[in-house]
Each structure stands twice: as structure tokens, then as C-alpha cells.
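K.L.:
fold the following and give me the result.
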Amino acid sequence: MDAPTKFVQIVDFETDRIEEMRKLAEETDQRLADRPGGPTHRLVLKDRNQPGRYLVVIEFNSHEEAMANSDDPETTRFAQQMAALCTRPPSFIDCDVEEMTELK
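P.N.:
Predicted structure coming up:
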């Protein structure tokens, strides 16, 4: 039996309030720290060519865990608070991980 495919969600957003966004993410991380099935990794990227644009890559062990996370009321509240700090609505891209290679 194959192991579940890792799943990644990419959140593309723009904000001029990134420090408030970081604080909100840290507070949410602390509240949800012991919850099973949450994200396993998060990578925050700042677009060098478009000021105020960020991409967040969030990894989950499976699509099912990501969907359960999305359905959690705490996640919904975080998403609403995050959207309020954005200068345009965030967009979400859902991806199955096809390959991951550790490079040295």
C-alpha cells in the first residue's frame, strides 16, 4: 500500500502590514501547537520584484490532513484575520508533492 502523498498549499497574498501578519501567524501557531494533522512545514517567501507580495508554502502529510485543517474553526478564523491584513484577497494553490529532493 502506498503512503499518502504529501500535500502543499501555496498562499499568494499582498500586504503592507507584514509584521502584523507575522504576529498573527505566531499567535495562531502557539494556539494550535499540539493539534494533530496540522502543517508540518511553512516557508514564507517575499517577492523581490513586486513589493508587498508574499508566497507562503505550507506542507501537510496528506491532502486529507490539509482539508481537515482547513475545516477547523481556528483555521477559518486565522484566514479571516489574515485576509483583513491583505491589500487584495489571498489566492490559494493546492498541490500534490510529486518529488522532493534534499540538496547539499
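K.L.:
pLDDT at the residue nearest the centre of the chain, what is it?
P.N.:
The residue lying closest to the centre of the chain (CA atoms, centre = their mean) is residue 58, at 4.0 Å. pLDDT, residue 58: 94.
K.L.:
how about it, secondary structure?
P.N.:
Following DSSP: H, G, I helix; E, B strand; the rest coil, the label given to residue 58 is strand.
K.L.:
that one is in contact with residue 6, isn't it?
P.N.:
No. The pair residue 58 and residue 6 fails to qualify as a contact (CB atoms under 8 Å) at a distance of 11.2 Å. Backbone N, C-alpha and C define where each C-beta goes, glycine included.
K.L.:
strands of the chain, start to end?
P.N.:
For the chain, applying DSSP state E gives strands covering 7-14, 41-46, 53-60, 88-96.
K.L.:
turn these into JSON lines, including distance to residue 20.
P.N.:
Below are these laid out as JSON lines (distance: least, CB to CB, whole Å):
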{"stretch": "strand 7-14", "distance to residue 20": "13"}
{"stretch": "strand 41-46", "distance to residue 20": "14"}
{"stretch": "strand 53-60", "distance to residue 20": "13"}
{"stretch": "strand 88-96", "distance to residue 20": "15"}
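K.L.:
what's the longest helix anywhere in the chain in contact with?
P.N.:
Counting residues, the longest helix found in the chain (DSSP state H) is helix 18-32. For helix 18-32, the external contacting residues (CB atoms under 8 Å, 6 or more residues apart in numbering) are 15, 38, 52, 54, 74, 78, 81-82, 85.
K.L.:
what of stretch 73-86?
P.N.:
So stretch 73-86 is contacted by 13-15, 17, 20-21, 24-25, 28, 31-32, 35, 69-70, 89-90 (CB under 8 Å, 6+ apart).
K.L.:
now with 7 Å, please.
P.N.:
13-15, 17, 20-21, 24, 28, 31-32, 69, 89-90 (CB atoms under 7 Å, 6 or more residues apart in numbering).
K.L.:
of those, which is the nearest to residue 45?
P.N.:
Lowest distance from residue 45 to the contacts of stretch 73-86 (CB to CB) belongs to residue 13, with 11.1 Å.
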